[in-house]
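**Q** Kindly generate the corresponding structure for this input.
(chains A and B)
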Amino acid sequence: AQSVTQLGSHVSVSEGALVLLRCNYSSSVPPYLFWYVQYPNQGLQLLLKYTSAATLVKGINGFEAEFKKSETSFHLTKPSAHMSDAAEYFCAVSPQSWGKLQFGAGTQVVVTP
Amino acid sequence: SQTIHQWPATLVQPVGSPLSLECTVEGTSNPNLYWYRQAAGRGLQLLFYSVGIGQISSEVPQNLSASRPQDRQFILSSKKLLLSDSGFYLCAWSVRSGRGGPNSYNEQFFGPGTRLTVL
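**A** Here you go, the predicted model:
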């Protein structure tokens, strides 16, 4: 079984500052890991995914995430926040064999001028 | 390329009325299909998933049901809506297990969602 914990349901960041969203997972088998973004009243869009090819994964819109097996973490970062980054972000985990995605509770990001 | 459609985009229904939400996928065959609900201030809750026509798995007991009459069509229904059925309903698809080759990582692709308000 796998599960995901996202630390912090709300994060406020200044425009131009570092964005850091935390995600820790538990999985009994090697996982695939994902970050999704959801803008208001829209579906979820895949930001990036970890599939065991490389521990540092680069995604769209300048986001990246690093898989750290020893810490069971997959934190999402962006060096400089933009107003358009205001959205809700979801971390998700899946076993490498077929399985449903397990989503975290989500983190709402607010970007202030 | 693959696309996923949901309709209607918004819906306001009285308590006790029936419900039918539709999801269709284009550009792929034999997908896995999913229905999620987001209630206000809550995360994603998986309601149903389907690995093939007529094959539905329910994740949580509830007032809703799902059907898959065609390979790329997934329908969410209710005979009598409750106030607690209000929320944002999302449909998603993924490549079916074992058929995606080395680039299949169980990632899901989401539709635009349906906002349901039950009054």
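
**Q** near chain A, which residues of chain B show up?
**A** Of all the residues in chain B, those in contact range of chain A (Cβ under 8 Å from any Cβ of the partner chain) are B:34, B:42-44, B:46, B:49, B:88, B:90, B:92, B:97-98, B:105-113, B:115. Bear in mind the C-beta positions are built from the backbone N, C-alpha and C, glycine included.

**Q** my guess is B:Pro31 contacts B:Val95, does it?
**A** Yes. Applying Cβ atoms under 8 Å, one finds B:Pro31 in contact with B:Val95, separated by 6.8 Å.

**Q** and these two? which has more neighbours close in?
**A** B:Pro31 (24 against 21; other Cβ atoms under 10 Å in any protein chain shown).

**Q** what separates the more buried one from chain A, distance-wise?
**A** 13 Å (Cβ to the nearest Cβ, to the nearest Å).

**Q** and the helix or strand harbouring B:Ser50, which residues are buried?
**A** With elements taken from DSSP states H and E, the one containing B:Ser50 is strand B:44-52. By neighbour count, and taking 16 or more other Cβ atoms under 10 Å in any protein chain shown as the criterion, the buried residues in strand B:44-52 are B:Leu44, B:Gln45, B:Leu46, B:Leu47, B:Phe48, B:Tyr49, B:Ser50.

**Q** and which of these is nearest chain A?
**A** In terms of Cβ to the nearest Cβ, no member of those lies closer to chain A than B:Leu44, at 4.6 Å.

**Q** thinking again about what came up before, I'd like to know which elements the strand holding B:Ser50 is packed against.
**A** In this structure, strand B:44-52 packs against strand B:32-38, strand B:55-58, strand B:65-70, strand B:73-78, with contacts taken as 3 or more Cβ pairs under 8 Å, 6 or more residues apart in numbering or on different chains; DSSP states H and E.

**Q** Could you tell me the angle between that strand and strand B:32-38?
**A** Taking axes from the mean of the first three to the mean of the last three Cα atoms, to 10 degrees, strand B:44-52 and strand B:32-38 form an angle of 160 degrees between their directions.

**Q** and strand B:44-52 with strand B:65-70, angle?
**A** Using the same axes, to 10 degrees: strand B:44-52 against strand B:65-70 is 40 degrees.

**Q** Wasn't A:Leu46 part of a strand?
**A** Yes. A:Leu46 forms part of a strand when assessed by DSSP: H, G, I helix; E, B strand; the rest coil.

**Q** give the contact list for it.
**A** Taking Cβ atoms under 8 Å, 6 or more residues apart in numbering or on different chains as the criterion, A:Leu46 is in contact with A:Phe34, A:Trp35, A:Tyr36, A:Gly59, B:Glu107, B:Phe109.
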